[in-house]
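Engineer: predicted coordinates and the sequence they were generated for:
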Amino acid sequence: MNTIIPERIAQKINNDNIKTYKKTGALYIPSVLNKKEIECLEKGIELNLQNLSHMSKTASSKFDTGIFIEDFCTWQNNPYYKQIIFSSPLAAIARLLMQSRQVRLYHDHMVVKEPYTQKVTPWHQDLPYYNINGMQHCSFWIPVDPVSHESILEFVSGSHLGPWYVPCTFKDNEAKWFPRGSLLEMPSDSEIRLHNKILGWEMNPGDVVVFNMLTVHGSQGVLKNQRRRVLSLRFIGDDVRFAPRKWKTSPNFPGINQRLKIGSPMEDNLFPLLLPV
């Protein structure tokens, strides 16, 4: 278990970085993973693609020229994911940015867009899809392929400090399992770009983007003959508590409602403690 942040990371995370993250809700950090770790993660994603779980989803339509596929919560059966989760510096970075004493894994999320995928990832926030409350949480977006400008993940700067928006399905952009009117509707793409500062970075393997789970984000398709394989890792800190929703959450954690009480810490084997107090 990695409890000391390596020198290669300590040079990248300073008070200015932490202030930027708190203000904008997203932070680009280059060259976080080394070559060995990148190769390990790539093996993990390929193993995941070959052994999709029952939670996997195809978010692109049958008419798409590519394919957009997701899978969730497979770390327990993927030794390469385990290696990255438990032995890389990611949890240590999460602790610094969340300003938390402890760090737990919330879940892993594989996001792959194959060459020529047209499907857009719509603007959304992560937290409304989840069964947790709090502010000490973050998502890592970790590509193992170069990410060109056309395919970057974009963020609405400062949106983590604003309202919650209704979560919709990626494939149909529908809130069919969520009561309309309960939360604000996500503004259109043109409205978002007109009234907000948009952040986004071209990336190389080893780079990461870290963002608050309430930061509004989205991305375009992959229109070139280039894969965009990404693992997202979600971490939670001290103030995060169990908050079952009245709507369908994603991913689903079977049996969690029976094991955890409303408002309790996320102390369950599904959410291993990576960095203790």
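Structural biologist: Yep, that arrived.
Engineer: how much space between residue 78 and residue 39?
Structural biologist: Using CB to CB, to the nearest Å, one gets 15 Å for the distance from residue 78 to residue 39. In short, each C-beta sits where N, CA and C put it, glycine included.
Engineer: neighbour count winner among these two?
Structural biologist: In this view residue 78 and residue 39 are compared by other CB atoms under 10 Å, and residue 78 has more residues nearby, 22 against 14.
Engineer: ok, the closest residue to the more buried one other than its chain neighbours - contacts?
Structural biologist: Excluding the flanking residues, the one nearest residue 78 by CB to CB, 6 or more residues apart in numbering is residue 44, at 5.3 Å. Residue 44 makes contacts with 78, 79, 80, 81, 83, 84, 231, as judged by CB atoms under 8 Å, 6 or more residues apart in numbering.
Engineer: do the same with residue 227
Structural biologist: Residue 227 touches 112, 113, 114, 115, 145, counting by CB under 8 Å, 6+ apart.
Engineer: please pick the buried ones from those residues.
Structural biologist: Buried members of the contacts of residue 227, scored by 16 or more other CB atoms under 10 Å, are 112, 113, 114, 145.
Engineer: from what I see, the last one and residue 231 are in contact.
Structural biologist: No. With contacts defined as CB atoms under 8 Å, residue 145 does not count as touching residue 231, sitting 11.5 Å away.
Engineer: what lines up beside the strand ranked longest in the chain in the sheet?
Structural biologist: Secondary structure assigned by DSSP state E gives strand 103-113 as the longest strand of the chain. Paired neighbours of strand 103-113 in the sheet (DSSP bridges): strand 68-72 (antiparallel), strand 228-236 (antiparallel), strand 273-275 (antiparallel).
Engineer: pLDDT weak spots in the stretch 51-200 of the chain?
Structural biologist: For the stretch 51-200 of the chain, applying pLDDT under 70 flags the ranges 168-182.
Engineer: TSV for the strands paired with strand 103-113, including mean neighbour count and distance to residue 246?
Structural biologist: Putting those into TSV (neighbours: other CB atoms under 10 Å; distance: least, CB to CB, whole Å) gives the following:
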stretch	mean neighbour count	distance to residue 246
strand 68-72	22	21
strand 228-236	24	21
strand 273-275	18	29
